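Colleague: From the sequence below, what's the structure:
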Amino acid sequence: MAEEGGFERLPQATEESRKRFRVSVVWIIPVLAAVVAIGIAIQRIVNEGPIITIVFKAAGGVEAGKTFIKYKDVTVGTVTTVQLSKDYSRVVVKAQMQKYATDMLVEDTTFWVVAPRVTLSGVSGLGTLLSGNYIGLQPGKSHKHQHYFTGLDVAPAVTDEPGHQFVLKANSLGSVGVGSPVYYRSLSVGQVLGYDLAPDGKSISITVFVNAPYDKYVTSSSRFWNASGVDVSVGAEGVQVRTEALVAVLAGGVAFDTPDFLPPGQPAAANATFTLYPNKVTAMKQPELIERRFALYFDESVRGLSVGAPVTLLGLPAGQVTEVSLTFDPAKGVFRPRALITYYPERILARISTAKEREKFGSIVEQSKEQRTQFLRHMVEDKGLRAALKTGNLLTGELYVAFDYYPHAPKPNIDWNADPLELPVASGGLASIQAKLDSILTKIDRMPLEAMGADVKDLIATLDKTLKETNTLLSNVNKDLVPGMKQTLEDLNRAISNGDQVLFGRESALPQNLRDTLQEMTGAARSVRVLVDYLQRHPEALIRGKKDQEP
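Modeller: A predicted model of the protein is given here:
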(Lines give C-alpha, C1' and ligand atoms only; values in the text may rest on other atoms or scores of the structure.)
Protein backbone atom coordinates (compact mmCIF):
# COMPACT_ATOMS: atom_id res chain seq x y z
CA MET A 1 0.00 0.00 0.00
CA ALA A 2 2.71 2.27 1.00
CA GLU A 3 4.54 1.52 -2.25
CA GLU A 4 1.45 2.18 -4.29
CA GLY A 5 0.97 5.49 -2.63
CA GLY A 6 4.62 6.45 -3.39
CA PHE A 7 4.23 6.09 -7.17
CA GLU A 8 1.35 8.43 -7.04
CA ARG A 9 3.56 11.14 -5.62
CA LEU A 10 6.08 11.04 -8.51
CA PRO A 11 5.96 13.97 -11.08
CA GLN A 12 4.00 13.18 -14.18
CA ALA A 13 5.28 13.87 -17.66
CA THR A 14 3.21 16.24 -19.72
CA GLU A 15 3.30 16.75 -23.52
CA GLU A 16 4.03 20.27 -24.69
CA SER A 17 3.82 21.65 -28.24
CA ARG A 18 7.19 22.65 -29.97
CA LYS A 19 7.89 26.39 -30.13
CA ARG A 20 8.82 28.02 -33.54
CA PHE A 21 12.17 29.99 -34.04
CA ARG A 22 11.54 33.61 -34.72
CA VAL A 23 14.14 36.01 -36.20
CA SER A 24 14.34 39.35 -34.55
CA VAL A 25 14.02 42.47 -36.68
CA VAL A 26 17.15 43.79 -35.00
CA TRP A 27 19.36 41.29 -36.93
CA ILE A 28 18.16 42.25 -40.37
CA ILE A 29 20.44 45.31 -40.71
CA PRO A 30 23.69 43.53 -39.71
CA VAL A 31 22.89 40.63 -42.00
CA LEU A 32 22.27 42.92 -44.93
CA ALA A 33 25.48 44.84 -44.15
CA ALA A 34 27.42 41.57 -44.07
CA VAL A 35 25.94 40.51 -47.39
CA VAL A 36 26.82 43.85 -48.98
CA ALA A 37 30.34 43.68 -47.55
CA ILE A 38 30.82 40.19 -48.88
CA GLY A 39 29.53 41.29 -52.29
CA ILE A 40 31.86 44.26 -52.32
CA ALA A 41 34.77 42.07 -51.30
CA ILE A 42 33.97 39.54 -53.99
CA GLN A 43 33.61 42.30 -56.58
CA ARG A 44 36.89 43.85 -55.47
CA ILE A 45 38.68 40.53 -55.66
CA VAL A 46 37.22 39.94 -59.10
CA ASN A 47 38.10 43.44 -60.36
CA GLU A 48 41.50 43.78 -58.72
CA GLY A 49 44.61 43.03 -60.68
CA PRO A 50 47.62 41.16 -59.45
CA ILE A 51 50.10 42.35 -56.85
CA ILE A 52 53.52 42.96 -58.36
CA THR A 53 56.96 43.46 -56.91
CA ILE A 54 59.40 46.07 -58.25
CA VAL A 55 62.99 46.30 -57.04
CA PHE A 56 64.79 49.65 -57.26
CA LYS A 57 68.29 50.75 -56.32
CA ALA A 58 66.67 53.83 -54.79
CA ALA A 59 63.06 54.91 -54.53
CA GLY A 60 63.12 58.58 -53.62
CA GLY A 61 59.67 60.01 -52.94
CA VAL A 62 57.85 56.63 -53.14
CA GLU A 63 55.37 56.13 -50.25
CA ALA A 64 52.90 53.34 -49.52
CA GLY A 65 49.30 54.30 -50.25
CA LYS A 66 50.31 57.64 -51.76
CA THR A 67 52.43 56.81 -54.79
CA PHE A 68 50.69 55.63 -57.96
CA ILE A 69 51.81 53.71 -60.98
CA LYS A 70 50.87 55.57 -64.17
CA TYR A 71 50.84 54.87 -67.86
CA LYS A 72 50.16 57.86 -70.13
CA ASP A 73 49.15 59.85 -67.02
CA VAL A 74 46.45 57.24 -66.18
CA THR A 75 46.68 55.48 -62.81
CA VAL A 76 47.01 51.71 -63.29
CA GLY A 77 48.20 50.75 -59.81
CA THR A 78 48.95 51.88 -56.26
CA VAL A 79 51.99 51.24 -54.10
CA THR A 80 51.03 49.16 -51.04
CA THR A 81 54.34 48.58 -49.30
CA VAL A 82 57.87 49.97 -49.44
CA GLN A 83 60.65 48.14 -47.65
CA LEU A 84 64.34 47.28 -47.90
CA SER A 85 65.64 44.00 -49.25
CA LYS A 86 67.18 41.44 -46.91
CA ASP A 87 70.72 42.63 -47.68
CA TYR A 88 69.63 46.30 -47.37
CA SER A 89 71.07 47.08 -50.82
CA ARG A 90 67.81 47.67 -52.67
CA VAL A 91 64.27 48.92 -52.19
CA VAL A 92 61.43 46.44 -52.67
CA VAL A 93 58.15 48.03 -53.69
CA LYS A 94 54.89 46.11 -53.87
CA ALA A 95 51.93 47.52 -55.74
CA GLN A 96 48.33 46.58 -56.35
CA MET A 97 47.56 46.77 -60.06
CA GLN A 98 44.23 47.37 -61.75
CA LYS A 99 42.52 44.46 -63.46
CA TYR A 100 42.68 46.04 -66.92
CA ALA A 101 46.43 46.48 -66.57
CA THR A 102 47.10 42.75 -66.24
CA ASP A 103 47.98 42.31 -69.91
CA MET A 104 50.68 44.97 -69.63
CA LEU A 105 52.59 42.99 -67.01
CA VAL A 106 54.94 41.00 -69.25
CA GLU A 107 58.62 40.18 -68.83
CA ASP A 108 59.96 43.15 -70.82
CA THR A 109 57.75 45.75 -69.14
CA THR A 110 59.81 48.51 -67.54
CA PHE A 111 59.23 50.63 -64.44
CA TRP A 112 61.03 53.76 -63.24
CA VAL A 113 60.55 56.53 -60.70
CA VAL A 114 59.41 59.79 -62.31
CA ALA A 115 60.89 62.82 -60.58
CA PRO A 116 61.84 66.35 -61.62
CA ARG A 117 64.93 66.14 -63.82
CA VAL A 118 66.92 69.03 -65.24
CA THR A 119 69.70 68.28 -67.73
CA LEU A 120 71.48 70.19 -70.49
CA SER A 121 69.28 68.47 -73.06
CA GLY A 122 65.95 69.37 -71.45
CA VAL A 123 63.67 69.43 -68.40
CA SER A 124 61.28 66.60 -67.51
CA GLY A 125 58.96 65.60 -64.66
CA LEU A 126 57.93 69.12 -63.67
CA GLY A 127 54.40 67.92 -62.89
CA THR A 128 55.68 65.92 -59.93
CA LEU A 129 56.56 69.14 -58.09
CA LEU A 130 52.89 69.43 -57.08
CA SER A 131 51.57 65.86 -57.24
CA GLY A 132 54.68 64.10 -55.96
CA ASN A 133 56.78 61.38 -57.54
CA TYR A 134 55.12 58.44 -59.24
CA ILE A 135 56.25 55.25 -60.93
CA GLY A 136 56.14 55.23 -64.70
CA LEU A 137 55.30 52.14 -66.71
CA GLN A 138 56.16 51.17 -70.25
CA PRO A 139 54.42 47.98 -71.49
CA GLY A 140 56.60 45.41 -73.18
CA LYS A 141 55.95 43.43 -76.33
CA SER A 142 56.41 39.96 -74.85
CA HIS A 143 53.52 37.53 -74.33
CA LYS A 144 54.95 35.98 -71.17
CA HIS A 145 53.35 37.39 -68.01
CA GLN A 146 55.47 38.31 -65.02
CA HIS A 147 54.89 39.82 -61.58
CA TYR A 148 58.48 40.51 -60.50
CA PHE A 149 60.40 43.38 -62.10
CA THR A 150 63.64 45.28 -61.73
CA GLY A 151 63.13 49.04 -61.97
CA LEU A 152 65.26 51.31 -64.13
CA ASP A 153 67.65 53.77 -62.53
CA VAL A 154 66.68 56.54 -64.95
CA ALA A 155 63.64 57.13 -67.11
CA PRO A 156 63.94 55.81 -70.67
CA ALA A 157 64.47 58.52 -73.27
CA VAL A 158 61.75 57.15 -75.54
CA THR A 159 58.65 55.27 -74.52
CA ASP A 160 56.07 54.38 -77.15
CA GLU A 161 56.74 57.04 -79.80
CA PRO A 162 56.76 55.82 -83.41
CA GLY A 163 60.14 55.54 -85.02
CA HIS A 164 63.18 53.27 -85.25
CA GLN A 165 66.25 52.53 -83.19
CA PHE A 166 69.72 52.34 -84.71
CA VAL A 167 73.13 51.34 -83.39
CA LEU A 168 76.22 53.49 -83.94
CA LYS A 169 79.80 52.29 -83.56
CA ALA A 170 82.40 54.83 -82.44
CA ASN A 171 85.98 54.76 -81.21
CA SER A 172 85.14 57.17 -78.38
CA LEU A 173 82.00 58.59 -76.81
CA GLY A 174 82.99 62.25 -76.78
CA SER A 175 80.31 64.53 -75.36
CA VAL A 176 77.41 62.29 -76.40
CA GLY A 177 75.17 61.24 -73.50
CA VAL A 178 71.75 59.81 -72.81
CA GLY A 179 69.15 62.25 -74.12
CA SER A 180 71.54 64.00 -76.51
CA PRO A 181 69.64 65.13 -79.62
CA VAL A 182 69.91 63.57 -83.07
CA TYR A 183 69.90 66.09 -85.95
CA TYR A 184 68.97 65.84 -89.60
CA ARG A 185 69.83 68.98 -91.57
CA SER A 186 70.02 70.91 -88.24
CA LEU A 187 66.50 69.73 -87.28
CA SER A 188 66.14 67.72 -84.06
CA VAL A 189 64.59 64.38 -85.07
CA GLY A 190 65.49 62.03 -82.23
CA GLN A 191 67.75 61.39 -79.29
CA VAL A 192 70.36 59.08 -77.83
CA LEU A 193 68.87 56.22 -75.78
CA GLY A 194 72.02 54.79 -74.28
CA TYR A 195 75.55 53.57 -74.84
CA ASP A 196 77.76 50.71 -73.79
CA LEU A 197 81.28 49.45 -74.24
CA ALA A 198 81.67 46.81 -76.92
CA PRO A 199 82.54 43.30 -75.72
CA ASP A 200 86.06 43.61 -77.16
CA GLY A 201 86.59 46.90 -75.34
CA LYS A 202 87.78 48.65 -78.51
CA SER A 203 84.67 50.62 -79.45
CA ILE A 204 81.48 52.18 -78.09
CA SER A 205 77.99 51.05 -79.09
CA ILE A 206 75.54 53.96 -79.04
CA THR A 207 71.80 53.38 -79.40
CA VAL A 208 69.84 56.23 -80.99
CA PHE A 209 66.15 56.66 -81.70
CA VAL A 210 64.85 58.59 -84.72
CA ASN A 211 61.24 59.67 -84.55
CA ALA A 212 58.78 59.06 -87.35
CA PRO A 213 58.46 60.32 -90.05
CA TYR A 214 62.15 61.29 -90.05
CA ASP A 215 63.28 57.69 -89.64
CA LYS A 216 62.62 57.12 -93.34
CA TYR A 217 65.55 59.43 -94.13
CA VAL A 218 67.94 56.99 -92.47
CA THR A 219 68.95 54.81 -95.40
CA SER A 220 71.68 52.34 -96.19
CA SER A 221 73.70 55.26 -97.61
CA SER A 222 73.38 57.54 -94.56
CA ARG A 223 76.42 58.77 -92.65
CA PHE A 224 76.36 59.62 -88.93
CA TRP A 225 78.85 61.95 -87.22
CA ASN A 226 79.47 63.42 -83.79
CA ALA A 227 77.97 66.92 -83.70
CA SER A 228 78.97 67.66 -80.09
CA GLY A 229 80.41 70.98 -79.03
CA VAL A 230 82.26 73.29 -81.38
CA ASP A 231 84.60 71.74 -83.92
CA VAL A 232 87.53 74.13 -84.32
CA SER A 233 90.32 73.03 -86.63
CA VAL A 234 93.44 75.05 -87.35
CA GLY A 235 95.51 73.76 -90.24
CA ALA A 236 97.19 74.67 -93.46
CA GLU A 237 93.78 75.60 -94.88
CA GLY A 238 93.15 78.16 -92.12
CA VAL A 239 90.84 78.23 -89.11
CA GLN A 240 87.53 76.42 -89.51
CA VAL A 241 84.68 76.51 -86.96
CA ARG A 242 81.75 74.13 -87.27
CA THR A 243 78.77 73.49 -84.96
CA GLU A 244 75.32 71.94 -85.34
CA ALA A 245 73.18 73.79 -82.78
CA LEU A 246 73.49 75.50 -79.39
CA VAL A 247 72.04 72.45 -77.60
CA ALA A 248 74.66 70.26 -79.26
CA VAL A 249 77.36 72.64 -78.04
CA LEU A 250 76.17 72.21 -74.44
CA ALA A 251 74.81 68.66 -74.28
CA GLY A 252 76.42 66.94 -77.25
CA GLY A 253 74.59 65.43 -80.18
CA VAL A 254 74.63 63.23 -83.26
CA ALA A 255 73.76 64.23 -86.82
CA PHE A 256 73.21 62.27 -90.03
CA ASP A 257 72.75 62.90 -93.73
CA THR A 258 73.28 61.20 -97.08
CA PRO A 259 76.29 62.33 -99.19
CA ASP A 260 75.53 63.70 -102.63
CA PHE A 261 77.87 61.25 -104.35
CA LEU A 262 75.93 58.21 -103.03
CA PRO A 263 72.53 56.95 -104.24
CA PRO A 264 69.61 57.55 -101.80
CA GLY A 265 69.43 53.87 -100.84
CA GLN A 266 66.62 52.00 -99.13
CA PRO A 267 65.27 52.92 -95.67
CA ALA A 268 67.40 51.26 -93.01
CA ALA A 269 65.91 48.46 -90.94
CA ALA A 270 65.44 48.79 -87.20
CA ASN A 271 68.64 48.28 -85.15
CA ALA A 272 70.80 48.69 -88.27
CA THR A 273 74.44 49.43 -87.46
CA PHE A 274 76.29 52.54 -88.71
CA THR A 275 79.73 54.02 -88.14
CA LEU A 276 79.84 57.23 -86.10
CA TYR A 277 82.45 59.53 -87.67
CA PRO A 278 84.24 62.16 -85.55
CA ASN A 279 83.02 65.11 -87.66
CA LYS A 280 80.98 66.02 -90.71
CA VAL A 281 83.96 66.54 -93.00
CA THR A 282 85.17 62.99 -92.43
CA ALA A 283 81.67 61.54 -92.69
CA MET A 284 80.76 63.27 -95.95
CA LYS A 285 84.15 62.80 -97.56
CA GLN A 286 84.00 61.03 -100.90
CA PRO A 287 86.18 57.92 -101.03
CA GLU A 288 88.97 57.99 -103.57
CA LEU A 289 88.81 55.07 -106.00
CA ILE A 290 92.26 55.70 -107.49
CA GLU A 291 95.26 56.73 -105.45
CA ARG A 292 99.01 56.86 -105.94
CA ARG A 293 101.66 56.96 -103.22
CA PHE A 294 104.93 58.89 -103.44
CA ALA A 295 107.81 59.64 -101.08
CA LEU A 296 109.39 63.05 -100.52
CA TYR A 297 112.76 63.60 -98.82
CA PHE A 298 113.50 67.10 -97.51
CA ASP A 299 116.73 68.81 -96.53
CA GLU A 300 114.93 71.25 -94.25
CA SER A 301 112.79 71.15 -91.13
CA VAL A 302 109.25 69.80 -91.55
CA ARG A 303 107.97 71.37 -88.34
CA GLY A 304 104.33 72.26 -89.04
CA LEU A 305 103.77 69.45 -91.57
CA SER A 306 101.24 66.97 -90.17
CA VAL A 307 99.30 63.95 -91.36
CA GLY A 308 96.27 65.10 -93.33
CA ALA A 309 97.93 68.27 -94.61
CA PRO A 310 96.82 69.03 -98.17
CA VAL A 311 98.89 68.35 -101.29
CA THR A 312 98.26 70.78 -104.14
CA LEU A 313 99.13 70.87 -107.82
CA LEU A 314 99.45 74.44 -109.10
CA GLY A 315 97.35 75.58 -106.15
CA LEU A 316 94.52 73.03 -106.61
CA PRO A 317 93.90 70.12 -104.18
CA ALA A 318 95.42 66.89 -105.43
CA GLY A 319 96.00 64.72 -102.35
CA GLN A 320 97.11 64.67 -98.74
CA VAL A 321 100.02 63.80 -96.49
CA THR A 322 99.67 60.31 -95.01
CA GLU A 323 102.91 59.98 -93.03
CA VAL A 324 105.68 62.19 -91.66
CA SER A 325 108.77 60.35 -90.45
CA LEU A 326 112.55 60.45 -90.24
CA THR A 327 115.15 58.47 -92.19
CA PHE A 328 118.88 57.97 -91.71
CA ASP A 329 121.31 58.20 -94.61
CA PRO A 330 124.26 55.93 -93.69
CA ALA A 331 126.38 57.22 -96.59
CA LYS A 332 126.24 60.81 -95.36
CA GLY A 333 125.60 60.00 -91.73
CA VAL A 334 122.68 62.44 -91.46
CA PHE A 335 118.98 62.31 -90.74
CA ARG A 336 116.48 63.44 -93.34
CA PRO A 337 112.76 64.15 -92.94
CA ARG A 338 110.52 61.94 -95.06
CA ALA A 339 106.89 62.46 -96.02
CA LEU A 340 104.58 59.99 -97.71
CA ILE A 341 101.85 61.58 -99.79
CA THR A 342 98.80 60.14 -101.49
CA TYR A 343 97.87 61.59 -104.85
CA TYR A 344 94.29 61.30 -106.16
CA PRO A 345 94.09 61.61 -109.97
CA GLU A 346 90.30 61.95 -109.87
CA ARG A 347 90.61 65.30 -108.09
CA ILE A 348 92.74 66.65 -110.92
CA LEU A 349 90.42 65.09 -113.49
CA ALA A 350 87.44 66.91 -111.94
CA ARG A 351 89.26 70.26 -112.31
CA ILE A 352 89.95 69.96 -116.05
CA SER A 353 87.70 72.39 -117.92
CA THR A 354 86.84 70.68 -121.23
CA ALA A 355 85.54 67.17 -121.83
CA LYS A 356 88.17 66.50 -124.51
CA GLU A 357 91.02 67.33 -122.13
CA ARG A 358 89.41 65.26 -119.36
CA GLU A 359 89.16 62.30 -121.70
CA LYS A 360 92.81 62.63 -122.67
CA PHE A 361 94.01 62.90 -119.08
CA GLY A 362 91.71 60.02 -118.08
CA SER A 363 93.35 57.81 -120.69
CA ILE A 364 96.74 58.63 -119.12
CA VAL A 365 95.45 57.68 -115.68
CA GLU A 366 94.16 54.35 -116.97
CA GLN A 367 97.43 53.46 -118.69
CA SER A 368 99.82 50.82 -117.43
CA LYS A 369 102.28 51.54 -114.63
CA GLU A 370 105.18 51.85 -117.09
CA GLN A 371 103.31 54.38 -119.23
CA ARG A 372 102.28 56.43 -116.19
CA THR A 373 105.87 56.42 -114.97
CA GLN A 374 107.06 57.59 -118.36
CA PHE A 375 104.55 60.48 -118.29
CA LEU A 376 105.61 61.44 -114.76
CA ARG A 377 109.27 61.28 -115.78
CA HIS A 378 108.58 63.69 -118.62
CA MET A 379 106.88 66.11 -116.19
CA VAL A 380 109.77 65.91 -113.72
CA GLU A 381 112.80 65.95 -116.03
CA ASP A 382 111.52 68.07 -118.93
CA LYS A 383 109.01 70.38 -117.28
CA GLY A 384 110.69 70.76 -113.88
CA LEU A 385 107.85 69.48 -111.68
CA ARG A 386 108.97 69.74 -108.05
CA ALA A 387 107.43 69.49 -104.58
CA ALA A 388 108.02 72.21 -102.00
CA LEU A 389 106.88 73.01 -98.49
CA LYS A 390 104.64 76.07 -98.29
CA THR A 391 103.22 77.92 -95.33
CA GLY A 392 99.47 77.55 -95.11
CA ASN A 393 98.90 79.50 -91.91
CA LEU A 394 101.24 82.18 -90.62
CA LEU A 395 99.69 82.11 -87.14
CA THR A 396 100.12 78.40 -86.51
CA GLY A 397 103.00 77.67 -88.87
CA GLU A 398 101.10 74.84 -90.56
CA LEU A 399 102.76 73.59 -93.75
CA TYR A 400 101.47 71.82 -96.83
CA VAL A 401 103.07 70.26 -99.90
CA ALA A 402 102.78 72.20 -103.15
CA PHE A 403 103.74 70.88 -106.59
CA ASP A 404 104.78 73.46 -109.16
CA TYR A 405 106.99 73.86 -112.22
CA TYR A 406 110.61 74.99 -111.78
CA PRO A 407 111.96 75.25 -115.36
CA HIS A 408 115.53 75.97 -114.26
CA ALA A 409 115.72 73.18 -111.70
CA PRO A 410 118.61 70.72 -112.24
CA LYS A 411 117.83 67.28 -113.56
CA PRO A 412 117.28 64.90 -110.61
CA ASN A 413 118.75 61.45 -110.14
CA ILE A 414 115.72 59.23 -109.43
CA ASP A 415 115.25 55.47 -109.24
CA TRP A 416 112.08 55.18 -111.35
CA ASN A 417 111.56 51.56 -110.27
CA ALA A 418 111.37 52.32 -106.55
CA ASP A 419 108.15 51.71 -104.62
CA PRO A 420 107.01 54.16 -103.44
CA LEU A 421 108.51 56.38 -106.09
CA GLU A 422 110.64 59.26 -104.80
CA LEU A 423 109.84 62.68 -106.27
CA PRO A 424 112.31 65.58 -106.23
CA VAL A 425 111.76 68.54 -103.92
CA ALA A 426 112.67 72.21 -104.08
CA SER A 427 113.35 74.60 -101.26
CA GLY A 428 110.33 76.67 -100.44
CA GLY A 429 108.27 78.26 -97.73
CA LEU A 430 109.98 79.74 -94.72
CA ALA A 431 113.18 77.84 -95.50
CA SER A 432 113.54 79.72 -98.79
CA ILE A 433 112.87 83.05 -97.10
CA GLN A 434 115.33 82.18 -94.35
CA ALA A 435 117.99 81.28 -96.94
CA LYS A 436 117.50 84.60 -98.70
CA LEU A 437 117.69 86.47 -95.41
CA ASP A 438 120.86 84.61 -94.51
CA SER A 439 122.36 85.55 -97.86
CA ILE A 440 121.47 89.20 -97.35
CA LEU A 441 122.88 89.20 -93.84
CA THR A 442 126.08 87.55 -95.09
CA LYS A 443 126.53 90.27 -97.69
CA ILE A 444 125.89 92.91 -95.05
CA ASP A 445 128.51 91.32 -92.81
CA ARG A 446 131.06 91.52 -95.63
CA MET A 447 130.52 95.22 -96.15
CA PRO A 448 133.20 97.63 -94.64
CA LEU A 449 130.72 99.17 -92.31
CA GLU A 450 133.37 100.91 -90.13
CA ALA A 451 135.05 102.62 -93.09
CA MET A 452 131.67 103.52 -94.54
CA GLY A 453 130.67 104.92 -91.17
CA ALA A 454 133.80 107.10 -91.03
CA ASP A 455 133.18 108.36 -94.57
CA VAL A 456 129.58 109.12 -93.73
CA LYS A 457 130.72 110.97 -90.63
CA ASP A 458 133.16 113.11 -92.68
CA LEU A 459 130.48 113.72 -95.27
CA ILE A 460 128.06 114.87 -92.61
CA ALA A 461 130.68 117.24 -91.17
CA THR A 462 131.41 118.68 -94.63
CA LEU A 463 127.72 119.06 -95.33
CA ASP A 464 127.26 120.83 -92.01
CA LYS A 465 130.07 123.26 -92.87
CA THR A 466 128.59 123.88 -96.33
CA LEU A 467 125.20 124.60 -94.83
CA LYS A 468 126.73 127.11 -92.42
CA GLU A 469 128.55 128.92 -95.24
CA THR A 470 125.33 128.93 -97.31
CA ASN A 471 123.49 130.42 -94.40
CA THR A 472 126.14 133.18 -94.08
CA LEU A 473 125.94 133.90 -97.84
CA LEU A 474 122.18 134.16 -97.72
CA SER A 475 122.46 136.57 -94.80
CA ASN A 476 124.82 138.81 -96.81
CA VAL A 477 122.56 138.67 -99.84
CA ASN A 478 119.65 139.67 -97.66
CA LYS A 479 121.58 142.66 -96.32
CA ASP A 480 123.26 143.89 -99.53
CA LEU A 481 121.26 142.84 -102.60
CA VAL A 482 117.68 142.78 -101.44
CA PRO A 483 117.32 146.56 -100.84
CA GLY A 484 118.88 147.38 -104.28
CA MET A 485 116.71 144.81 -106.03
CA LYS A 486 113.67 146.26 -104.37
CA GLN A 487 114.54 149.79 -105.66
CA THR A 488 115.21 148.44 -109.17
CA LEU A 489 111.82 146.69 -109.27
CA GLU A 490 110.08 149.90 -108.22
CA ASP A 491 111.85 151.83 -111.00
CA LEU A 492 110.91 149.21 -113.57
CA ASN A 493 107.29 149.34 -112.46
CA ARG A 494 107.23 153.14 -112.91
CA ALA A 495 108.83 152.87 -116.37
CA ILE A 496 106.20 150.38 -117.50
CA SER A 497 103.43 152.64 -116.24
CA ASN A 498 104.90 155.66 -118.12
CA GLY A 499 105.31 153.62 -121.31
CA ASP A 500 101.74 152.50 -121.19
CA GLN A 501 100.58 156.09 -120.77
CA VAL A 502 102.73 157.27 -123.70
CA LEU A 503 101.73 154.52 -126.07
CA PHE A 504 98.09 154.04 -125.26
CA GLY A 505 97.00 157.28 -123.62
CA ARG A 506 94.18 159.44 -124.94
CA GLU A 507 96.50 162.07 -126.47
CA SER A 508 98.79 159.52 -128.11
CA ALA A 509 98.73 159.26 -131.99
CA LEU A 510 100.06 155.72 -131.89
CA PRO A 511 96.67 153.94 -131.93
CA GLN A 512 95.55 155.87 -135.08
CA ASN A 513 98.83 155.18 -136.81
CA LEU A 514 98.48 151.48 -135.98
CA ARG A 515 95.00 151.39 -137.52
CA ASP A 516 96.19 153.09 -140.72
CA THR A 517 99.10 150.71 -140.97
CA LEU A 518 96.79 147.70 -140.58
CA GLN A 519 94.47 149.00 -143.33
CA GLU A 520 97.39 149.46 -145.73
CA MET A 521 98.64 145.95 -144.92
CA THR A 522 95.14 144.62 -145.60
CA GLY A 523 95.06 146.29 -149.03
CA ALA A 524 98.54 144.95 -149.86
CA ALA A 525 97.44 141.46 -148.92
CA ARG A 526 94.38 141.81 -151.15
CA SER A 527 96.57 142.82 -154.11
CA VAL A 528 98.89 139.90 -153.55
CA ARG A 529 95.94 137.54 -153.53
CA VAL A 530 94.67 138.97 -156.87
CA LEU A 531 98.14 138.56 -158.37
CA VAL A 532 98.39 134.96 -157.20
CA ASP A 533 94.98 134.13 -158.66
CA TYR A 534 95.99 135.67 -162.01
CA LEU A 535 99.27 133.76 -162.12
CA GLN A 536 97.42 130.52 -161.41
CA ARG A 537 95.22 131.17 -164.45
CA HIS A 538 98.01 132.63 -166.67
CA PRO A 539 101.37 131.20 -165.56
CA GLU A 540 102.92 132.32 -168.92
CA ALA A 541 102.59 135.92 -167.71
CA LEU A 542 105.80 135.42 -165.69
CA ILE A 543 107.66 135.21 -169.07
CA ARG A 544 105.58 137.13 -171.56
CA GLY A 545 104.09 139.65 -169.23
CA LYS A 546 100.52 140.64 -168.86
CA LYS A 547 98.57 140.91 -172.08
CA ASP A 548 96.72 144.06 -172.82
CA GLN A 549 93.05 143.62 -172.55
CA GLU A 550 91.11 144.18 -175.72
CA PRO A 551 88.58 147.02 -175.63
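
Colleague: What's opposite D257 in the beta bridge?
Modeller: Assessed by DSSP bridges, D257 has beta-bridge partners R223.

Colleague: How about A295?
Modeller: Counting by DSSP bridges, the residues bridging with A295 are L340, E422.

Colleague: per-residue confidence at the residue lying closest to T109 once chain neighbours are set aside?
Modeller: In space, and not counting its chain neighbours, T109 is closest to G140: 4.3 Å by CB to CB, 6 or more residues apart in numbering. Placement of C-beta: from N, CA and C, glycine included. On pLDDT, G140 comes in at 87.

Colleague: G140 contacts E107, doesn't it?
Modeller: Yes. Applying CB atoms under 8 Å, one finds G140 in contact with E107, separated by 6.6 Å.

Colleague: Looking at these two, which is more packed in?
Modeller: G140 (16 against 13; other CB atoms under 10 Å).

Colleague: How many residues are close by E398?
Modeller: Per other CB under 10 Å, the neighbour tally for E398 reads 20.

Colleague: coming back round to it: check whether the residue nearest to T109 sits in a helix, strand or coil.
Modeller: coil (DSSP: H, G, I helix; E, B strand; the rest coil).

Colleague: what does I135 give?
Modeller: Following three-state DSSP, I135 is assigned to strand.

Colleague: which strand of the protein spans the most residues?
Modeller: The single longest strand within the chain, with elements called by DSSP state E, is strand 316-329.

Colleague: what about it, average pLDDT?
Modeller: Mean predicted confidence for strand 316-329 is 88.

Colleague: Repeat that for stretch 298-311.
Modeller: Stretch 298-311 carries an average pLDDT of 87.

Colleague: what residues does it touch?
Modeller: Outside stretch 298-311, the residues that touch it by CB atoms under 8 Å, 6 or more residues apart in numbering are 235-237, 317-324, 336-339, 341-343, 389, 391-392, 396-403, 425, 427, 431.

Colleague: just checking, R336 touches Y297?
Modeller: Yes. Contact criterion CB under 8 Å: R336 and Y297 qualify, at 5.2 Å.

Colleague: Name the residues contacting each of those two.
Modeller: Counting by CB under 8 Å, 6+ apart, the contacts common to R336 and Y297 are T327.

Colleague: List the buried residues of the longest strand of the chain.
Modeller: Residues of strand 316-329 classed as buried under the neighbour-count rule (16 or more other CB atoms under 10 Å) are 317-321, 324.

Colleague: Remind me what that strand packs against, helices and strands.
Modeller: strand 310-313, strand 334-343, helix 345-351, strand 398-405 (3 or more CB pairs under 8 Å, 6 or more residues apart in numbering; DSSP states H and E).

Colleague: Pairing partners for that strand, with directions?
Modeller: strand 310-313 (antiparallel), strand 334-343 (antiparallel).

Colleague: what about it, distance to the chain center?
Modeller: 26 Å (CA atoms, centre = their mean, to the nearest Å).

Colleague: what does stretch 485-493 give?
Modeller: Taking CA atoms, centre = their mean, one finds the center of stretch 485-493 at 84 Å from the center of the full chain.

Colleague: How about stretch 299-316?
Modeller: 22 Å.

Colleague: residues of stretch 344-364 that come out buried?
Modeller: Neighbour counts over stretch 344-364 (16+ other CB under 10 Å) mark 344-345, 347-349, 361 as buried.

Colleague: count of neighbours near V311?
Modeller: Neighbourhood size, V311 [other CB under 10 Å]: 23.

Colleague: L437 now?
Modeller: Counted with other CB under 10 Å, the neighbours of L437 add up to 11.

Colleague: Could you say which helix or strand holds Y195?
Modeller: Element membership of Y195 [criterion: DSSP states H and E] is strand 187-197.

Colleague: what ranges do the helices span in the stretch 351-500 of the chain?
Modeller: According to DSSP state H, counting those that start in this stretch, the stretch 351-500 of the chain carries its helices in the segments 355-365, 369-381, 429-446, 449-504.

Colleague: Let me see the mean pLDDT of the third one.
Modeller: On average, the pLDDT along helix 429-446 is 71.

Colleague: which residues in the stretch 51-200 of the chain form helices?
Modeller: Shown for the stretch 51-200 of the chain, the helices assigned by DSSP H, counting those that start in this stretch span residues 128-131.

Colleague: What segments of it are strands?
Modeller: Assigned by DSSP state E, counting those that start in this stretch, the strands in the stretch 51-200 of the chain fall at 68-71, 74-84, 91-98, 110-114, 117-119, 122-124, 134-138, 148-150, 163-170, 181-184, 187-197.

Colleague: Can you list the buried residues in the third one?
Modeller: Translated: strand 91-98. The neighbour-count check on strand 91-98 (16+ other CB under 10 Å) flags 91, 93, 95, 97-98 as buried.

Colleague: Good, wrapping up.
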